[in-house]
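Q: No sequence on hand, only this structure:
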């Protein structure tokens, strides 16, 4: 089969590799139909690592994906050949203390699709996943929806952990796919006013169209001043979705006393700097968001029912052979890109 491999920094090559095999009775062979490019994939592409997770070349990344079941192991009952499926990229052991405590997303032996040292990614014609990672989708749902259910589930999980009440006022700093994946369930679950910031005007336009009360470009205006003019008491929750130190600094200014800061963005550096005086006097609570935990089915159900519409998230499409063009586009934030999709 064909597999698109990272072969170095900003280098990618299509290679022929052996077809994956069903090794365990609960394995499922899935023929890929669409892959969405995630910011974490791009980190591996441009930097070769995320924190301690370092790429050993060649390596196929990718984890936001959907496809059709081709073959199943002898014990599989959840799906059958021909089923259209969304993929949950996390593969926990279900046996460690974290799994037994209801935290499979911080499993001690977690394997994650497209994560160096854990599992090859989805940038191949076929992948094998355990049965529990395969979610059948409704006939009227698209492969795009199925693939986007992965980042959307992160947003659903983050919102479920954070918004204290209906009508809570929310800041979303960074309106890429994760920022949008936070805003849509926040609105669906009864958030009040939502204030969005980004550096790309096209994304800010999309935020306004999607329900944001305010969308400001951090490169051309004082977003803290403008938001606090409307919400002088401050915001209840701020989601940091871009992995930037400036955004964390702005969050401490925007939050009201007792407010909550949700750290979701993946920074390229190793340490955050936090304003101690503001944090202490406001008694700001900080929560790190690690992917998603039990939110995939809820995300898929919201998509199935039409409660959430992600149709505006895919902005660019590429053939599998042109995957590097998709990665270069996302890496450079060119052409107002929100989400680049790769069709197989």
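A: Looks like it came in fine. Computed from a predicted model, the values in this text were never measured in an experiment.
Q: Distance of the residue nearest the centre of the chain relative to residue 299?
A: Most central residue of the chain, judged by C-alpha distance to the mean C-alpha position with Cα atoms, centre = their mean, is residue 151 at 3.1 Å. In this structure, residue 151 and residue 299 are 9 Å apart, going by Cβ to Cβ, to the nearest Å. (Glycine included, C-beta is placed from N, CA and C.)
Q: for residue 30, same thing?
A: In this structure, residue 30 and residue 299 are 19 Å apart, going by Cβ to Cβ.
Q: ok, the residue nearest to residue 274 when sequence neighbours are not counted - how many residues close by?
A: What sits nearest to residue 274 in space, not counting adjacent residues and going by Cβ to Cβ, 6 or more residues apart in numbering, is residue 248, at 7.0 Å. A total of 22 residues lie near residue 248 under the criterion other Cβ atoms under 10 Å.
Q: Looking at residue 248 now. What's its pLDDT?
A: Model confidence at residue 248, expressed as pLDDT, equals 98.
Q: That one belongs to a helix?
A: Yes - secondary structure of residue 248, determined by DSSP: H, G, I helix; E, B strand; the rest coil: located in a helix.
Q: gap between it and residue 169?
A: If you go by Cβ to Cβ, the gap between residue 248 and residue 169 works out to 19 Å.
Q: low-confidence ranges in this protein?
A: Within the chain, not a single segment meets pLDDT under 70.
Q: Domain boundaries for it, per the record?
A: For the chain, the structural domains run 2-136+313-343, 152-288, going by automatic domain parsing.
Q: Make JSON lines out of those and add distance to residue 305.
A: Written out in JSON lines, the entries for the domains of the chain read as follows (distance: least, Cβ to Cβ, whole Å):
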{"stretch": "domain 2-136+313-343", "distance to residue 305": "15"}
{"stretch": "domain 152-288", "distance to residue 305": "10"}
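Q: Identify all contacting residues around stretch 117-125.
A: Taking Cβ atoms under 8 Å, 6 or more residues apart in numbering as the criterion, the residues outside stretch 117-125 that touch it are 1-5, 17, 20, 31-32, 35, 41, 53-54, 56, 59-65, 87, 89, 91, 110-115, 127, 320, 323, 342, 344.
Q: Among the residues you listed, name the buried ones.
A: 3-5, 20, 31-32, 35, 41, 59-65, 87, 89, 91, 110, 112-115, 127, 320, 323, 342, 344 (16 or more other Cβ atoms under 10 Å).
Q: Give me the subset of these lying in strands.
A: Members of the buried ones among the contacts of stretch 117-125 lying in strands (criterion: DSSP state E): 3-5, 31-32, 35, 64-65, 87, 91, 112, 127, 342.
Q: Next, give me the two most distant ones among these.
A: Of all pairs drawn from those, the one with the largest separation by Cβ to Cβ is 91 and 342; the distance is 22.0 Å.
Q: Strands along the stretch 101-250 of the chain, start to end?
A: 111-112, 126-130, 134-136, 170-173, 194-198, 214-217, 235-240 (DSSP state E, counting those that start in this stretch).
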